[in-house]
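>>> okay, here's the prediction I keep looking at, along with the sequence it came from:
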4 protein chains.
Amino acid sequence: MNQPDQPQPPAGRWALILGATSGAGAAICKALAHTPGLDIMGLHRGNHPEGAEEVERAVEAAGREMRWLIADAGRPELIDDEADAVLAQVGREGVHIVVHSIANASVGLLASGDPEAWMHPKQVTKTFNSMAHSFVYWTQALLRREALAPGARILALDNAINESLLANLSVIAASKAALETYVRHLALELGPKGYRVNALKFGTVESAALQWIFPEEIWSEVKAVHDRMFPAGRMNTMEEVAAFVSVLAGDRGAWFNSAIIDFTGGQMHAVYQLLMDVVQEHVQKRG
Amino acid sequence: MNQPDQPQPPAGRWALILGATSGAGAAICKALAHTPGLDIMGLHRGNHPEGAEEVERAVEAAGREMRWLIADAGRPELIDDEADAVLAQVGREGVHIVVHSIANASVGLLASGDPEAWMHPKQVTKTFNSMAHSFVYWTQALLRREALAPGARILALDNAINESLLANLSVIAASKAALETYVRHLALELGPKGYRVNALKFGTVESAALQWIFPEEIWSEVKAVHDRMFPAGRMNTMEEVAAFVSVLAGDRGAWFNSAIIDFTGGQMHAVYQLLMDVVQEHVQKRG
Amino acid sequence: MNQPDQPQPPAGRWALILGATSGAGAAICKALAHTPGLDIMGLHRGNHPEGAEEVERAVEAAGREMRWLIADAGRPELIDDEADAVLAQVGREGVHIVVHSIANASVGLLASGDPEAWMHPKQVTKTFNSMAHSFVYWTQALLRREALAPGARILALDNAINESLLANLSVIAASKAALETYVRHLALELGPKGYRVNALKFGTVESAALQWIFPEEIWSEVKAVHDRMFPAGRMNTMEEVAAFVSVLAGDRGAWFNSAIIDFTGGQMHAVYQLLMDVVQEHVQKRG
Amino acid sequence: MNQPDQPQPPAGRWALILGATSGAGAAICKALAHTPGLDIMGLHRGNHPEGAEEVERAVEAAGREMRWLIADAGRPELIDDEADAVLAQVGREGVHIVVHSIANASVGLLASGDPEAWMHPKQVTKTFNSMAHSFVYWTQALLRREALAPGARILALDNAINESLLANLSVIAASKAALETYVRHLALELGPKGYRVNALKFGTVESAALQWIFPEEIWSEVKAVHDRMFPAGRMNTMEEVAAFVSVLAGDRGAWFNSAIIDFTGGQMHAVYQLLMDVVQEHVQKRG
């Protein structure tokens, strides 16, 4: 944890993206390289080298620097070593914003359907470590190394599945609920030091991952009904989410604190109405 | 507002049901007559005389007394006179529980569809007076007349449409949101005097009214999907709601205060999952 | 409602501020004149001419135009005439963002303390018309006149008093709860047309109004404890709120919809802890 | 997991209390023995033998049977063996209600104050296993053994610290947030089988534990301000909580499902007002 004996980069020059090649993480790297203009340090597990390359090209095209650390940021026992490696790259007070975009999660039912497939303690522990607890441990590790710049932003990514349940996503939903509580507590503890801690909650994004889950013959209908969930008539894009992260990194987003920012576009607010609409349409179609 | 110059009934002998012939109001009259055993004073607008008769028979079969006041309990300018009439019947400190079951509401869109049909200030005012503000005015009127027995319960009826919107019910939903705030504030103000103020929030009940809204060819599907909204596989019944009101009137419910009691049976918690299920089923049916 | 027979200004050139000389309204006028750069049309009741002059100077210093309409925007029966006057100034599709900052409210207790001072139906109606219903009526009036530009933003101002009650503010709190429901419903109804409807919820702002409420000998302590409510150690400023409104008017805030945006800075999240701290400090001081 | 080769007790005869000698657990044992009248099987860690004895005497005085299992019900790796032992006692479909009252938790700050004392992954894991995940694992274990009677109730105990944060209780608060999500998901999954899953959320109870936390010279003030948090003017009692658990075990509470039941008595609803009151009182006292 010693400070490296070498010239330091200017304080707050870096955005640290934990989970940088996921859909959200990659888009955020690109947006922050443009506005407000930060060099990017990204951690990822090395599973998507082509994604990493694309991010790197975009960051460099914006005239900023991109550095990588191949690492699993969601395993508690590794975080201290990883944070040392980050510090060696970004230097003391080097991080202006850290974005937690780690999602190494298990899906499945808790206690219905096939008992052999019920969520197991190992899966629960892994999901919570990755999606909730690591947000705390990374904050601790960066504070211990004085890696955060004055006024740094600590941002968790959140989604709307706590508002209306999807059966398979119970452990993810529970870990997001815990994450939201951590956000509030960390904001309370770190506010006096000038840091800001928030969660950005966004809706379903049309993505390769989503399309991959559903069989092709169902996908077009699933996509159509997802688009209709949003008052705007379409799912949000990763670029929209990332553009708002850049607001949160800037001056005009500086007052957000301890907030679960509802950037879902209203996805879950009228599901009941949509269900009634769908039922009536099917009755009419049937004639 | 003078006290009647005559022998008083024992304190707290009465349940006062504002809106006594609605589905919920009628069922509550019957349940409270049995447990914990109260005489019933009901206000209604006189539109359903056969409903009133049925309630009366049930209350009397339980060995309790039933009294009526034909009145519109949801119009602010009438409440003082109505409360005088109530006092004359139940006497000072006569009311052990008052249940607000008033619903003289307008439905329609706010600002989409046909502009001629958009909700009008008169409809908004009527709906709020009936469903929200009258809860305050009745509480004021009963307090001014010392009609509430020590430890009296003041109960609002609430529902789940604030959690997932139905387009036509915007003004009802907004008035319920206001009502919930009133519940908390009245609980705060009246707690020191020993009164309890709560809202009981329940889900969709299969009723004649609901069936009447939907065309016959759609109703069976609408009913089926409503039943599926509840984890228990069916809508709740008015009798279940009423039975729990009798708990709130008794000793074991006495600690509830300032609460929006979630008695919805989980109706709105998994609408998203149900929507996905319905979409997939229709794709499969279509083959 | 006829279109004026004259050259139209470019679509979406205007920000319409309802309640333009209040603390929030005035600051928002100034911020929007700078970013994203809009001409400003302000309605106010004419009570603060010096406030209006200051706003006008700031808007013009930013190189934008400022127009006024002296009017009570919170009275339903006046809104149609007022909207005609607005249209005559801004033209068809002239409004890019409308901000509802109307607060003609009554404060007091509902049903405790002096019965003579209990909130009266007239006060309730006035407060709801001003703080909640007029948000709907103005939206209706602007839609009827096609005064909204494509993609227009409709913004309500909200605060945190629903999360922890202040006894005197029950009717304001209830009207804000109704307002939040209107926001969700209007977003649902207007999303398909491309409009965005949100509420921006912010915390207590140090202001002349607040200072005026409290006796001087208490004010410094009240201010100190308010500052401590925020993790950041101070109340937010109107300028911070206004700067974020300018984000909502721009591209990067365009995805917000149907949201109650938590911009409170965490004011209400740790009141319990602060209460414990204050109690312990007083015991220690007493020695 | 084999069924014991012996006569079975009648289905649903037992209440299974996980954490039976804690304040809440003990009171619930006593209440359920009276109403609705169940034999009691209690798990506890053996730390409070005198508490266990008192519970046993009360249950037996009610004419019911009390059985114990000395075990740590909050450690995932032990639950299968413990559930086998429970099954051997209560038999197939023997459990009418299971109450999760396990609280083996760590308290402390996440990332402020002394870094040596920051919450450690081991503490986080232990707290979540005990207070959140074990609720799922016990449900799984009882289902696997068919130990639940038809219509069985599965109840989690919850509290109000998620609504207003206490700095030291962040991990407990986060685990309660996860627990609430589990309740909703388990209710969704198990509703079709006729089980009911809920959380009962109650406020601060005056207890030996609480008194022990605070130095004697502060305790009387802390107690006084806690009493004032509740509109009723006093903290709730374990007996009140337990009496309502007996409602949930009975017919009239059977419709509760997927609910976080607000039984807090309004503790957190007016903390802001109380803080203002306390500040003003201290200014006045000071003169």
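Happy to help now that I have it. Residues are numbered from 1 along each chain as shown, chains lettered A, B, ... in the order given.
>>> what residues does chain A have near chain B?
A:161, A:164-167, A:217-218, A:221-222, A:225, A:229, A:268-276, A:278-280, A:282-283 (Cβ under 8 Å from any Cβ of the partner chain). Glycine gets a C-beta too; all of them are placed from N, C-alpha and C.
>>> list buried residues within those.
A:161, A:164-167, A:221-222, A:225, A:229, A:268-276, A:278-279, A:282-283 (16 or more other Cβ atoms under 10 Å in any protein chain shown).
>>> of the residues you listed, list those near chain D.
Contacts with chain D within those, as defined by Cβ under 8 Å from any Cβ: A:165, A:167.
>>> and the longest strand anywhere in chain A, which strands flank it?
For chain A, the strand with the greatest residue count under DSSP state E is strand A:148-159. Using DSSP bridges, the strands paired with strand A:148-159 in its sheet are strand A:95-100 (parallel), strand A:196-202 (parallel).
>>> show me how far the first one is from its chain's centre.
Between the centre of strand A:95-100 and the centre of its host chain there is 11 Å, according to Cα atoms, centre = their mean, to the nearest Å.
>>> can I get it as PDB, trimmed to CA atoms?
In PDB, the C-alpha atoms belonging to strand A:95-100 read as follows (Å, rounded to 0.1, in the frame of the first residue of the first chain):
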ATOM      1  CA  VAL A  95      -9.700   8.600  -9.100                       C
ATOM      2  CA  HIS A  96     -12.400  11.200  -9.800                       C
ATOM      3  CA  ILE A  97     -15.200   8.600 -10.300                       C
ATOM      4  CA  VAL A  98     -15.500   4.900  -9.700                       C
ATOM      5  CA  VAL A  99     -18.300   3.000 -11.300                       C
ATOM      6  CA  HIS A 100     -19.300  -0.400 -10.000                       C
END
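>>> wait, does whichever helix or strand comes after it contact chain D?
Scanning forward in sequence from strand A:95-100 by DSSP states H and E, the next helix or strand is helix A:121-128. Yes. Using Cβ under 8 Å from any Cβ, helix A:121-128 reaches chain D at A:121, A:124-125, A:128.
>>> who wins on neighbours among those residues?
With neighbours taken as other Cβ atoms under 10 Å in any protein chain shown, the top of these is A:F128, carrying 28 neighbours.
>>> what sits against the nearest residue to that one once chain neighbours are set aside?
In space, A:F128 comes closest to A:S175 once its chain neighbours are excluded; the distance is 4.9 Å by Cβ to Cβ, 6 or more residues apart in numbering or on different chains. Residues near A:S175 by Cβ atoms under 8 Å, 6 or more residues apart in numbering or on different chains: A:105, A:127-128, A:130-132, D:178.
>>> related to what we said a few turns ago, just the residues of helix A:121-128 next to chain D now: which is nearest D:S112?
Lowest distance from D:S112 to the residues of helix A:121-128 next to chain D (Cβ to Cβ) belongs to A:F128, with 22.3 Å.
>>> can you pull the buried residues of the longest strand of chain A?
Buried residues in strand A:148-159, defined by neighbour count with 16+ other Cβ under 10 Å: A:148-149, A:152-159.
>>> these: which two are farthest apart?
Comparing every pair within those by Cβ to Cβ identifies A:A149 and A:N159 as the most remote, at 28.0 Å.
>>> once you drop chain neighbours, what's closest to A:R144?
Nearest non-adjacent residue to A:R144 (Cβ to Cβ, 6+ apart): D:P115, at 6.0 Å.
>>> can you check the pLDDT for that neighbour?
As predicted, D:P115 sits at a pLDDT of 97.
>>> please, which helix or strand holds A:L143?
Per DSSP H and E: helix A:134-144 holds A:L143.
>>> picking up where we left off before, now pLDDT too, for the residues of helix A:121-128 next to chain D, in TSV please.
Converted to TSV, these look like this (pLDDT from 0 to 100):
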residue	pLDDT
A:P121	98
A:V124	98
A:T125	98
A:F128	98
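>>> A:K285: neighbour count?
Neighbours of A:K285 using other Cβ under 10 Å come to 9.
>>> what lies in contact with the helix or strand it falls within?
Assigned by DSSP H and E, A:K285 falls within helix A:271-286. Here helix A:271-286 makes contact (Cβ under 8 Å, 6+ apart) with A:164, A:225, A:228-229, B:161, B:164-167, B:217-218, B:221-222, B:225, B:229, B:268, B:271-272, B:274-275, B:278-279, B:282, C:188.
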